[in-house]
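Trainee: predicted structure and sequence below. I'll ask about it afterward.
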Amino acid sequence: MTTSNRIRKHLEIQRSDHTTIRYTASGPAGGPTLALIHGWACNRGDYDAVTDHLPENYRVLAIDLAEHGESRSTRDVWTMEEFAHDVAAVLEAESVITCVVAGHSLGGAVAVEVGRLLPDAVSHVVALDSLHYMSLFPAQSEGQTDAMMNMFREDFAGGVRTLVESGSPAGTDTALKDAYFEKMVAVRQPAGLRSIEGLVRWDMDAALRETKQPITVFAISDLVSQEAIDRYGERFDILLADLGSHHFPVEAPEGTAKLLVGVGTE
């Protein structure tokens, strides 16, 4: 499945006067299209090696969300719905008729919103270790939201470290965790903090009621709870993947590519 000669084009689109979205496009325009969305405080480069392991006939669009990677924005709204408009703008610019949208972590929430926003264009939503974290994705009470946001406001680095640790199964290499921490703690502000708040305030249950596409969640087995399976198992497919930590697309690109090829992109 490895592709070593895939030609990448680094492109950008302008969303009104406040947001410039940069993305990477590769593969033939007529091939099955896969839109890839990174997680919070990460960037589209996380999918470079994954893309190299996808079939040559795939059209792959790896997108930097606003104020992540090379995308820039001065907007005031940092909701999952607004991030979905970043992705939708790329799909429109690329004249995409139908595609699979896959997102890691926060990107999984964005992928759901893209599916809700574009019911005719998105054929399948894929969440990579996303949607099953019960302390993040179901609508939280105001008290729970305030407690989480205060953690980040009072000690942002400590909050990021907590996220990294919570996404690291026992035995995860310390150097790997440190690398993720250093990458994520450098997220551009105030967008980084506002994005976390947007995620915590996102009403996933409401979004799922209005998302008609099939949804597949690939969850690291050591990080998924029976509570999540019991609550959401009938709404989306939760498939266990033992490919590393929460950041498995970076750690296991070939395995991740195989998962993506297996859902709705044949």
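Mentor: Good, I have the coordinates.
Trainee: give me the neighbour count for Tyr95.
Mentor: I think there's a mix-up here, since residue 95 is Ser and not Tyr. 7 (other C-beta atoms under 10 Å). Yep, even glycine has a C-beta here, placed from its N, CA and C like the rest.
Trainee: try Phe218
Mentor: Neighbour number of Phe218 under other C-beta under 10 Å is 28.
Trainee: which residues touch Val87?
Mentor: 35, 37, 63, 65, 101, 110-111, 114 (C-beta atoms under 8 Å, 6 or more residues apart in numbering).
Trainee: output the below-cut-off pLDDT ranges for the stretch 1-150 of the chain.
Mentor: For the stretch 1-150 of the chain, the stretches with pLDDT under 70 are 1-4.
Trainee: that older thread, looking at the contacts of Val87, which is nearest Ala147?
Mentor: Val110 (24.0 Å; C-beta to C-beta).
Trainee: with adjacent residues omitted, what lies nearest to that closest one?
Mentor: Distances taken as C-beta to C-beta, 6 or more residues apart in numbering place Phe83 nearest to Val110, at 4.5 Å, with adjacent residues excluded.
Trainee: surely the one you found is within a strand?
Mentor: No - under DSSP: H, G, I helix; E, B strand; the rest coil, Phe83 falls outside any strand and is assigned helix.
Trainee: okay, helices next: where are they in this protein?
Mentor: Assignment of helices within the chain using DSSP state H yields the ranges 48-52, 80-93, 106-117, 142-154, 156-166, 174-185, 191-200, 204-209, 226-232, 248-251, 253-261.
Trainee: so the residue nearest the centre of the chain versus Val101, what's the distance?
Mentor: Against the mean C-alpha coordinate of the chain, by C-alpha atoms, centre = their mean, the closest residue is Gly107 at 2.0 Å. Distance, Gly107 to Val101, by C-beta to C-beta, to the nearest Å: 9 Å.
Trainee: overlap in contacts, the two.
Mentor: Ile37.
Trainee: save the helices of the chain as TSV, and put in distance to Ala219 too.
Mentor: Below are these laid out as TSV (distance: least, C-beta to C-beta, whole Å):
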stretch	distance to Ala219
helix 48-52	17
helix 80-93	19
helix 106-117	10
helix 142-154	21
helix 156-166	14
helix 174-185	18
helix 191-200	17
helix 204-209	15
helix 226-232	8
helix 248-251	10
helix 253-261	11
